[in-house]
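A.B. asks: Sequence first, then the predicted structure, then my questions.
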Amino acid sequence: MSLKAIAAALGLSVTTVSRALNGYDDVAAATRKRIEDEATSRGYRPNDAARRLKTGRANAIGLVFPVSTASLNDSYYSEMLLTLDQRLAQHDIDLMILPDKPQDQHRTVMRMLRSGSLDALILTHTMPRDVRLERLQQKGFRFLTLGRSQLPQPYAWFDYDNHAGTLLAAEHCVQQGLTRLAYLGGIEPCTYIIDRRQGFIDALTQHQPPISPTMMAALPMTRRCGYQQTQAWLTQDIAPQAIVTDCAPLGEGAAIALQQAQRLRGPRAIPLYVYDGLPHDSIIDQPVNAILQLSQQRIGERVAEMVLQLLDGAPLDELQTLWQPMLRLTSEAQ
């Protein structure tokens, strides 16, 4: 089915039909609706290559995800990605997941950008000084990050105040008279991991009088590592009075170790604070204190909005969103 057939059926020019179906805003709304309805009834599918030539867009966004970090099966990302994909699809934009391979110096991603097959990138797991972002900015490619970095020019980013989340948890512990605190954190050099660790440290060292954080561990972000480290702390002569973890896998491992030692609930319980809370499929069915962000659905919706604004040429310094976390306490900790 061609544009000529649609134009003839409606008594319009081929140019008007083409511009309406390709999203140009100089076609009246009523006319656009007639054209879209006619195209749908005839089963018309635009030629992607031709549309790309006319609009200069590929109608595809790439999401770069490091293959060395948490699996995409992690519910934290899967729900957000599902919502993001659905929102972009409503605008006929495809979301493509691109594995980031540091060993190839990001050549695959850069090659796809040069080919014109992507309109922009979304990058996760940012680092304080991120070579990927520096190269993209130098080349003038459009991108949005989940997390922040130090760049010479403004750029589009979405983030939570990760520093504030662990600071909230540690401050709550201190308010409860707990000063012998342990911290389980990731080992990756990502900005959010660094910020969460620093929030914990600042809550203690800025207290009057300052409290020295003595039990801190940087580990791979797995349930096994959280379990083993917590077990080791529990065997010490002086066990921690509370444990703060910077992610759900480490938190679940800690919760399992505490439950086995009968320290998760009851008079000998050690309060546990988990960033993002326990996984949805956790084998621990007892609630723990959680540092929560808004739902991943809300995040996906907001990131989709920002991507659309980025494609429309919105100023980069207006595409910067920082949301605040909150502390959800169990009834025993309130």
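C.D. replies: Thanks, I have it.

A.B. asks: Just the pLDDT at residue 29, thanks.
C.D. replies: On pLDDT, residue 29 comes in at 86.

A.B. asks: ditto for the one 3 residues further on
C.D. replies: According to the model's per-residue confidence, residue 32 sits at a pLDDT of 86.

A.B. asks: same question, residue 66
C.D. replies: 75.

A.B. asks: Once you drop chain neighbours, what's closest to it?
C.D. replies: Nearest residue to residue 66, sequence neighbours excluded (C-beta to C-beta, 6 or more residues apart in numbering): residue 100, at 4.5 Å. Just so you know, the C-beta spots here come from the backbone N, C-alpha and C atoms, and that holds for glycine as well.

A.B. asks: so how far is residue 128 from residue 149?
C.D. replies: Distance, residue 149 to residue 128, using C-beta to C-beta, to the nearest Å: 6 Å.

A.B. asks: before we move on, what about residue 7?
C.D. replies: Note on residue 7: its distance to residue 128, by C-beta to C-beta, is 55 Å.

A.B. asks: So for those two, which residue has more residues nearby?
C.D. replies: Shown here are residue 7 and residue 128; by other C-beta atoms under 10 Å, residue 7 has more neighbours (18 against 12).

A.B. asks: quick one on the thing from earlier: shared neighbours of residue 149 and residue 128, which are they?
C.D. replies: Residues touching both residue 149 and residue 128 (C-beta atoms under 8 Å, 6 or more residues apart in numbering): residue 191.

A.B. asks: Following element in sequence after whichever strand or helix holds residue 199, please.
C.D. replies: Counting by DSSP states H and E, the element that carries residue 199 is helix 191-205. For helix 191-205, the following helix or strand on the C-terminal side (DSSP H and E) is strand 215-219.

A.B. asks: what's the angle from that following strand to helix 191-205?
C.D. replies: Strand 215-219 runs at 180 degrees relative to helix 191-205, counting by axes from the mean of the first three to the mean of the last three C-alpha atoms, to 10 degrees.

A.B. asks: avg pLDDT for strand 215-219?
C.D. replies: Strand 215-219 shows a mean pLDDT of 95.

A.B. asks: cool, and stretch 242-259?
C.D. replies: What stretch 242-259 shows for mean pLDDT is 96.

A.B. asks: what's the offset of that stretch from the middle of its chain?
C.D. replies: In terms of C-alpha atoms, centre = their mean, to the nearest Å, the centre of stretch 242-259 is found 21 Å from the chain centre.

A.B. asks: Going forward, the N-terminal residue is numbered 358.
C.D. replies: I'll keep to 358 as the first residue from here, and by that count the last item is stretch 599-616.

A.B. asks: Poorly predicted segments of the stretch 408-557 of the chain, please.
C.D. replies: 408-413, 424-433, 458-463, 465 (pLDDT under 70).

A.B. asks: what about the strands in it?
C.D. replies: Secondary structure of the stretch 408-557 of the chain (DSSP state E, counting those that start in this stretch): strands at 417-423, 451-457, 477-480, 500-503, 513-517, 538-543.
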